[in-house]
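>>> Everything below, folded, please.
(chains A, B, C and D)
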Number of protein chains: 2
Amino acid sequence: MSYTYEHPRPALTVDCVVFGWDGAELQVLLIERAEAPFMGNWALPGGFVHMDETLDDAAQRELQEETGLADLFLEQLFTFGALDRDPRGRVVTVAYYALVNIFHHEKPQGGTDASQATWFPMEQLPTLAFDHTTILNTALERLRGKILYRPIGFELLPEKFSFTQLQELYEGILGTAFDRRNFRKKILSMGILNECGKVQGDVPHRKATLYKFDEPKYKQLEMNGFEFKI
Amino acid sequence: MSYTYEHPRPALTVDCVVFGWDGAELQVLLIERAEAPFMGNWALPGGFVHMDETLDDAAQRELQEETGLADLFLEQLFTFGALDRDPRGRVVTVAYYALVNIFHHEKPQGGTDASQATWFPMEQLPTLAFDHTTILNTALERLRGKILYRPIGFELLPEKFSFTQLQELYEGILGTAFDRRNFRKKILSMGILNECGKVQGDVPHRKATLYKFDEPKYKQLEMNGFEFKI
DNA sequence: TCAAAAGTGTTTCTGCTACACCCATGC
DNA sequence: GCATGGGTGTAGCAGAAACACTTTTGA
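Residues are numbered from 1 along each chain as shown, chains lettered A, B, ... in the order given. I've put the predicted structure just below:
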């Protein structure tokens, strides 16, 4: 079976930068390529866009197939179209970035054309196939920008989390330190967290209060002109 | 001549939302389509991506061909891939937005496959072909967001402009009013404008001081951590 | 009782907001 | 001299930043 067109067409792929947070470091999910080109190299999960799926659907499908991940925060990032970005010829890729709670998906599974899917700390990335390093850096920039004015950090945490966890997440991603009292004050004053008791487990010190992000409340506040801001 | 691939491929286009400012209203440059589909309808300038050009190059080329515009602020916006967005079949489009001084390009010229290119005020847009209304709205959102934290508003003004012009631009795009004194203070305190004398022409009142945006200065400040912010 | 993290208020400072009058120019 | 927009300073307020001690818990 083959397909013929009057004019040549670039191939179209999607690639996904999946970020996770292990409590200390930002992590990225990479797959080991099982096919040429760059066979055996690490790369972002991704693949060709099918004719009967939207770009968002393609990104979701590829993530599901290559990493087993589903139902995560997924947002279009940027489209990369450098002429020589793929040795197979002209391939344009629509990049996405995703945020996922790493502990809900600690053992991602390799799938069809990915022999492995593994978390890497941002600070110890392997060499990546194609222009995937560029894509990853773009995604990191976006994450750093967006986390300041949208409540997306919660996507990386467990459903219930302590203020220390939240603060360490922000500090780790942004590379800056915050005052504990001011941080707590600012977030609490937004009124988008619900307390859910000190369920924290066996720790050799005082138990922290755990909170949940109240998304419906946030959506409602947002509609009334409220803006999340760190 | 024809091109055959093992798998079907979406066609890939670029579309450009070109914004201009006439001193009172935000304007968008549209072309009248000379070919099916939507022949005779208004649409964003754009067209198919060639195999030997990047996406940015394609956007620039299409603008040049269809409107005569060159050397303008042009930035990738978003990629639209809904299944039914083009009646010819699966067409994915990488949208761009551009900012241009309307008085340097008052009479844009229609080109190859565009029989006319015309400025429309945002408030009086015709019905657009394809999903171009969606694209345009996305571009407007982006413009409104970005103008707050990047000095891109200057792209829409003449090289030399008065504070009133600048303020009216911001007020028009954002739909909010600013205090004249505070606005002036804030912008001046950034130190990114150079005074260039009261060259303003025949006006029946006091002549305004004109300013130029000092881009090198801005770039330098930016590198030292300065952030433009309205 | 010690170590380790949780929790909590107040003061200071900075930057934003609100606000009104005189100036220059052409008609 | 009048109509029109240009240009300017200050006081009050709100939100950000700085800052240190007490509490809880398990070992």
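>>> now the closest residue to DNA strand D within chain A: how far from residue B:8?
Per Cβ to the nearest atom of the strand, the residue of chain A with the smallest distance to DNA strand D is residue A:206, at 2.9 Å. Yep, even glycine has a C-beta here, placed from its N, CA and C like the rest. Distance, residue A:206 to residue B:8, using Cβ to Cβ, to the nearest Å: 61 Å.
>>> Residue A:35 now?
20 Å.
>>> Just want to know which of these two has more residues nearby.
Higher neighbour count among residue A:35 and residue B:8: residue B:8, with 17 against 11, using other Cβ atoms under 10 Å in any protein chain shown.
>>> before we move on, the earlier item: which SS class is the residue of chain A closest to DNA strand D?
State at residue A:206, reduced to three classes by DSSP: H, G, I helix; E, B strand; the rest coil: coil.
>>> If I look at it, what pLDDT would I see?
Looking at residue A:206, its pLDDT reads 93.
>>> Show me where chain A has its strands.
Along chain A, counting by DSSP state E, strands occupy A:3-5, A:11-21, A:26-33, A:42-43, A:46-48, A:73-80, A:91-99, A:114-121, A:193-195, A:211-213.
>>> For residue B:40, find the nearest of these.
strand A:3-5 (26.1 Å; Cβ to Cβ).
>>> next one: that closest one to chain centre, how far?
Centroid separation for strand A:3-5 versus its chain: 36 Å, with Cα atoms, centre = their mean, to the nearest Å.
>>> Who are the packing partners of it?
Applying 3 or more Cβ pairs under 8 Å, 6 or more residues apart in numbering or on different chains; DSSP states H and E, we find strand A:3-5 packed against strand B:3-5.
>>> Need the phi and psi values for the closest residue in space to residue A:198 that isn't next to it in sequence.
Computed as Cβ to Cβ, 6 or more residues apart in numbering or on different chains, the closest residue to residue A:198 that is not its neighbour in sequence is residue A:207, at 4.3 Å. According to degrees, to the nearest 10, the main-chain angles of residue A:207 amount to phi -80, psi 140.
>>> In a markdown table: the strands of chain A, plus mean pLDDT, mean neighbour count and distance to residue A:62.
Below are the strands of chain A laid out as a markdown table (pLDDT from 0 to 100; neighbours: other Cβ atoms under 10 Å in any protein chain shown; distance: least, Cβ to Cβ, whole Å):
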| stretch | mean pLDDT | mean neighbour count | distance to residue A:62 |
| --- | --- | --- | --- |
| strand A:3-5 | 98 | 12 | 21 |
| strand A:11-21 | 98 | 25 | 6 |
| strand A:26-33 | 97 | 22 | 10 |
| strand A:42-43 | 98 | 20 | 12 |
| strand A:46-48 | 98 | 21 | 5 |
| strand A:73-80 | 99 | 20 | 11 |
| strand A:91-99 | 99 | 25 | 9 |
| strand A:114-121 | 83 | 18 | 9 |
| strand A:193-195 | 97 | 15 | 33 |
| strand A:211-213 | 97 | 19 | 27 |
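>>> Can I get the least confident helix or strand in chain A by mean pLDDT in PDB? Just the C-alpha atoms.
Each helix and strand of chain A was given a mean pLDDT (mean pLDDT, DSSP states H and E); the minimum falls on strand A:114-121 at a mean of 83. Written as PDB, here are the backbone C-alpha positions of strand A:114-121 (Å, rounded to 0.1, in the frame of the first residue of the first chain):
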ATOM      1  CA  ALA A 114      10.500   1.600  22.300                       C
ATOM      2  CA  SER A 115      12.500  -1.100  24.000                       C
ATOM      3  CA  GLN A 116      12.700   0.800  27.300                       C
ATOM      4  CA  ALA A 117      11.200   3.800  29.000                       C
ATOM      5  CA  THR A 118      13.300   5.300  31.800                       C
ATOM      6  CA  TRP A 119      13.300   8.300  34.000                       C
ATOM      7  CA  PHE A 120      16.400  10.500  33.900                       C
ATOM      8  CA  PRO A 121      17.200  13.300  36.200                       C
END
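>>> Parallel or antiparallel, list what pairs with that strand.
Using DSSP bridges, strand A:114-121 pairs in its sheet with strand A:26-33 (antiparallel).
>>> what about the nearest residue to residue A:70 once chain neighbours are set aside, how many neighbours?
Closest residue to residue A:70 apart from its sequence neighbours, by Cβ to Cβ, 6+ apart: residue A:64 at 5.3 Å. Look at residue A:64: counted by other Cβ under 10 Å, it has 14 neighbours.
>>> wait, doesn't residue A:64 sit right on residue A:71?
No: assessed by Cβ atoms under 8 Å, residue A:64 is found out of contact with residue A:71, at 9.6 Å.
>>> count of residues packed around residue A:144?
Other residues near residue A:144 number 13, with proximity taken as other Cβ under 10 Å.
>>> How about residue A:101?
Applying other Cβ under 10 Å, we find 18 residues neighbouring residue A:101.
>>> same thing with residue A:198?
11.
>>> And residue A:149, by the same measure?
Counted with other Cβ under 10 Å, the neighbours of residue A:149 add up to 13.
>>> hang on, isn't it packed against residue A:142?
No: using Cβ under 8 Å, residue A:149 is not in contact with residue A:142; the gap is 11.9 Å.
>>> So in terms of bridging, what pairs with residue A:18?
residue A:29, residue A:98.
>>> Now do the same contact list for it.
A:28, A:29, A:45, A:63, A:67, A:69, A:72, A:97, A:98, A:99, A:100 (Cβ atoms under 8 Å, 6 or more residues apart in numbering or on different chains).
>>> Just confirm the second one contacts residue A:119, I think it does.
Yes: if you go by Cβ under 8 Å, residue A:29 and residue A:119 touch, sitting 5.7 Å apart.
>>> quick revisit: make CSV out of the strands of chain A and add distance to residue B:156.
Formatted as CSV, those follow (distance: least, Cβ to Cβ, whole Å):
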stretch, distance to residue B:156
strand A:3-5, 39
strand A:11-21, 33
strand A:26-33, 38
strand A:42-43, 41
strand A:46-48, 37
strand A:73-80, 24
strand A:91-99, 29
strand A:114-121, 43
strand A:193-195, 41
strand A:211-213, 39
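>>> out of those strands, which comes closest to residue A:159?
Of all the strands of chain A, strand A:211-213 comes closest under Cβ to Cβ, at 6.0 Å.
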